[in-house]
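A.B. asks: Got a predicted model here, sequence first, then my questions.
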Amino acid sequence: MKIEFSDLDKDRIIEMAWEDRTTFEAIELQFGLKEEQVINLMRREMKSSSFKMWRKRVQARKTKHEKLRSFTEGRFKCSRQRQINKNKISKR
């Protein structure tokens, strides 16, 4: 089953994938994409060199997978980032 996303949704998925503390599980919760699907989207939507740089970076991050994290609770986003609820940005 192929899911179609708007350009805004694709941009948000890519942004979340680049964030160190945002897990693949958080992306799956908001957009329904598993890790492999996120990787495929990144491969399609990014320049080859940017994708390779991201892939190399992600493979070295334990924080991208909830099971590999050394902490059990915590935010998956920067404390300065606006509150996000099901990909809707709320006002402060």
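C.D. replies: That came in fine, so what should we check first? Numbers count the residues shown, from 1 in each chain.

A.B. asks: what helix or strand is Lys56 on?
C.D. replies: Assigning secondary structure by DSSP states H and E places Lys56 in helix 48-59.

A.B. asks: Identify the residues contacting that helix?
C.D. replies: Helix 48-59 is contacted by residues 17-18, 39, 42-43, 46, 64 when judged by CB atoms under 8 Å, 6 or more residues apart in numbering. (Each C-beta comes from the backbone N, C-alpha and C, glycine too.)

A.B. asks: between these, which has the most around it?
C.D. replies: Lys64 (24 neighbours; other CB atoms under 10 Å).

A.B. asks: okay, the contacts of helix 48-59 in CSV with pLDDT, distance to Trp54 and secondary structure next?
C.D. replies: Shown next, in CSV, are these (pLDDT from 0 to 100; distance: CB to CB, whole Å; DSSP: H, G, I helix; E, B strand; the rest coil):
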residue, pLDDT, distance to Trp54, secondary structure
Ala17, 90, 7, helix
Trp18, 88, 7, helix
Ile39, 92, 9, helix
Met42, 92, 6, helix
Arg43, 94, 10, helix
Met46, 91, 7, coil
Lys64, 67, 11, helix
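
A.B. asks: Save those residues as TSV, and put in distance to Leu29 too.
C.D. replies: What follows is those, written out as TSV (distance: CB to CB, whole Å):
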residue	distance to Leu29
Ala17	14
Trp18	18
Ile39	17
Met42	18
Arg43	22
Met46	22
Lys64	14
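
A.B. asks: Please identify which of these is nearest to Phe31.
C.D. replies: Closest approach between the contacts of helix 48-59 and Phe31, by CB to CB: Ala17, at 10.5 Å.

A.B. asks: still on that earlier bit, give the buried residues for the helix holding Lys56.
C.D. replies: By neighbour count on 16 or more other CB atoms under 10 Å, the buried set for helix 48-59 is 54, 58.

A.B. asks: Convert that helix to CSV, retaining C-alpha atoms only.
C.D. replies: Extracted as CSV, the C-alpha positions of helix 48-59 are listed here (Å, rounded to 0.1, in the frame of the first residue of the first chain):
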residue,chain,number,x,y,z
SER,A,48,21.9,11.7,-3.5
SER,A,49,24.7,13.3,-1.5
SER,A,50,22.3,14.7,1.1
PHE,A,51,20.7,11.2,1.5
LYS,A,52,24.1,9.6,1.9
MET,A,53,25.1,12.1,4.5
TRP,A,54,21.8,11.7,6.4
ARG,A,55,22.1,7.9,6.2
LYS,A,56,25.6,7.8,7.6
ARG,A,57,24.5,10.2,10.4
VAL,A,58,21.4,8.2,11.4
GLN,A,59,23.3,4.8,11.5
